[in-house]
Every structure is written in C-alpha cells, then in structure tokens.
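Undergrad: I need the structure of the sequence given here:
(chains A and B)
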Amino acid sequence: MLSLRRRDIVCQQAVEMVTDYLEGSLSRRSRRRFEAHLRACPNCAAYMEQIKLTIELTGTIEPEDLTPEAKADLTELYRRWRSE
Amino acid sequence: MLVARYQQPMLRLARAYVPSRAVAEEAVQDTWMGVVKGIERFEGRAAFKTWLFRILINRARSAGVRERRHATVEPHHAVDPIRFDTNGQWAEPVEPWTGDSEDRLEASTWGPALQSGLEDLPPRQRRVLVLRDVEGLSCDEVCELLDISPGNQRILLHRGRTRLREILETQIAKA
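TA: I've put the predicted structure just below:
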C-alpha cells in the first residue's frame, strides 16, 4: 500500500501518463512525480514494462501476404516503370 | 526492389483509410503510378518513405469514404476502471510479462492477436500506430503526414498502444 501525499499521483493517473512520458512531453514536474510513482509502485512499473514490450512487439508485426493478382499487377507495373 | 519493400507498409496504411482490401490495393497501385509519373519531382528533401506515404494518403483519402469532420469523442481509459480501487490504486497486482509469461509470449500467440487488434482500432488511431510503431516514423513525420497536432498524435498513440497492451494481456492470460 502506498502512503499518499497530496501531490502524489495515483496508479489510475499514472497509466494515463505513460505515452506522454515516453514521448518526452511531460513537464519536468510531472515527469518527476511520474518517475517517483514508478519507483514506489511495482504494479505501475510492471504496467510500464508491458507498454514498452507492446511497442516492441508491434514493431515486429509481419505483413499479410499479397494476393497473387495484386502481385502480378505490381510486377507488371514495376516492369513498365523500369522500362520507361 | 522498391515495390517489394514498400508494398506491405503501403497496403497496411491504406487499409486504415478505406474499408476494403480491394480498394486499398487500388490506392496502392494508384500510388505507384503517381510515383512513376512524379519521380522527377522527388528531390530528396524528404525521406523517400515519407514522400511515398504522402502520395498514398492522398490517393487513399480520395478513394475512401469521406471522414466525418466531427468525430465523436469517446471516453477512453488506458486500463478498465474496474481494476482500480476507490483510491485509484490497482485492486489486484499487475503480473509482469517476464519469466513464466515470457514463454507464453510466443510469436504464434501474439502475432495474429496484435495484427487483428491493429485492424480493429478506430482508423485515426490505427494510422498513427502503423506509422509510429510499425513503420518507425518520428512524431514530427507523422504529424506532417496526417496533418495533426503533436498533442493529437499523442492522444491517438496512447489510445492505440494501451488498447494493444490490453489485447496482449488477454492473450497471455489465456495461454
């Protein structure tokens, strides 16, 4: 259980700040409060790690396969482009 | 080969604008035609990918359903409020995705879940997510391409990322 001071942020606020924090758009004061909260709260620290992992995994999404028709069209288009 | 390299990213982006795969493919093909005609105008001032995406977004916009200017603002919570107690603190511990759960985070599990989660996002969130987290463009590039403010970009990014995290969490809980 966290002991709360008046200026402290609570978990429900912290989870709404993760993106602004990662984007570097929090004010210095908010950033300090956010970081202090993460140090004191293992749950929000775990949440932050989950968000980071989500971003990492999103970056590895594999594209869907093209339909054969689309592939043929594009190959044709590319050939024309190269020959122009 | 240029087409092979950019085809999938373009298709993914186009799908965030138009309702069907066929229309998306048309927009992509149309873009390549535009590229063929306009390649001389590409003067290397922007990254090639950004230039290409800009052409695509223009084509996809005219091919897609015209967006309502006044999108309804839906309430959003990064985490379901039911998971917090009345003091705003987590009611139950958050399980870290390490150790045991790392094995459960196999590509076969989360790959399709993330893919469909991405497709189910509202279009504006999806565009930002695709450009930022899948294609790795910067905030500035995305704001310019989509003609949105940095603040707006962050909101869309936040909603998209927190939604995808929820989806992964559900997958891990199921595994």
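Undergrad: following the chain onward from the lowest-mean-pLDDT helix or strand in chain B, which element is next?
TA: Lowest mean confidence among the helices and strands of chain B (mean pLDDT, DSSP states H and E): helix B:100-104, at a mean of 56. For helix B:100-104, the succeeding helix or strand toward the C-terminus, using DSSP states H and E, is helix B:107-120.
Undergrad: and for residue 50, the neighbour number?
TA: No chain specified, so I'll use chain A. Around residue A:50 there are 23 other residues, counting by other C-beta atoms under 10 Å in any protein chain shown. To be clear about C-beta, it is placed using only N, CA and C from the backbone, and glycine gets the same treatment.
Undergrad: to clarify, I was referring to chain B.
TA: Using other C-beta under 10 Å, residue B:50 has 18 other residues around it.
Undergrad: what of residue B:23?
TA: Applying other C-beta under 10 Å, I find that residue B:23 has 17 neighbouring residues.
Undergrad: and what of residue B:93?
TA: 9.
Undergrad: could you point out which residue ranges in the chain have low pLDDT?
TA: Defaulting to chain A. A:1-7, A:62-84 (pLDDT under 70).
Undergrad: try again with chain B
TA: B:1, B:38-46, B:63-75, B:98-109, B:175.
Undergrad: quick one: the helices in it?
TA: Shown for chain B, the helices assigned by DSSP state H span residues B:2-14, B:21-38, B:48-63, B:100-104, B:107-120, B:123-129, B:139-146, B:150-174.
Undergrad: quick one, which of those helices is packed in tightest?
TA: Of all the helices of chain B, helix B:123-129 carries the top mean neighbour count, a mean of 23, counting by mean count of other C-beta atoms under 10 Å in any protein chain shown.
Undergrad: helices and strands around it, which ones?
TA: Where contact means 3 or more C-beta pairs under 8 Å, 6 or more residues apart in numbering or on different chains; DSSP states H and E, helix B:123-129 is packed against helix B:107-120, helix B:139-146, helix B:150-174.
Undergrad: residues in contact with it?
TA: Residues outside helix B:123-129 that contact it (C-beta atoms under 8 Å, 6 or more residues apart in numbering or on different chains) are A:58, B:13, B:16-17, B:67, B:71, B:118-119, B:121, B:142, B:146, B:148, B:153, B:156-157, B:159-161, B:163-164.
Undergrad: check the offset of that helix from the chain's centre.
TA: 4 Å (C-alpha atoms, centre = their mean, to the nearest Å).
Undergrad: hang on, the earlier thing: which one of the helices and strands packed on helix B:123-129 lies nearest to residue B:53?
TA: With distances scored as C-beta to C-beta, the stretch of these nearest to residue B:53 is helix B:139-146 (5.7 Å).
Undergrad: the closest one close to chain A?
TA: Yes. Using C-beta under 8 Å from any C-beta of the partner chain, helix B:139-146 reaches chain A at residue B:139.
Undergrad: which outside residues touch that helix?
TA: Residues contacting helix B:139-146 (C-beta under 8 Å, 6+ apart): A:23, B:47, B:50, B:53-54, B:57, B:124, B:127-128, B:131-132, B:137, B:148-150, B:153-154.
Undergrad: now with 10 Å?
TA: Under the criterion C-beta atoms under 10 Å, 6 or more residues apart in numbering or on different chains, residues A:23-25, B:13, B:16, B:46-47, B:49-51, B:53-54, B:56-57, B:124, B:127-132, B:135, B:137-138, B:148-154, B:156-157 lie in contact with helix B:139-146.
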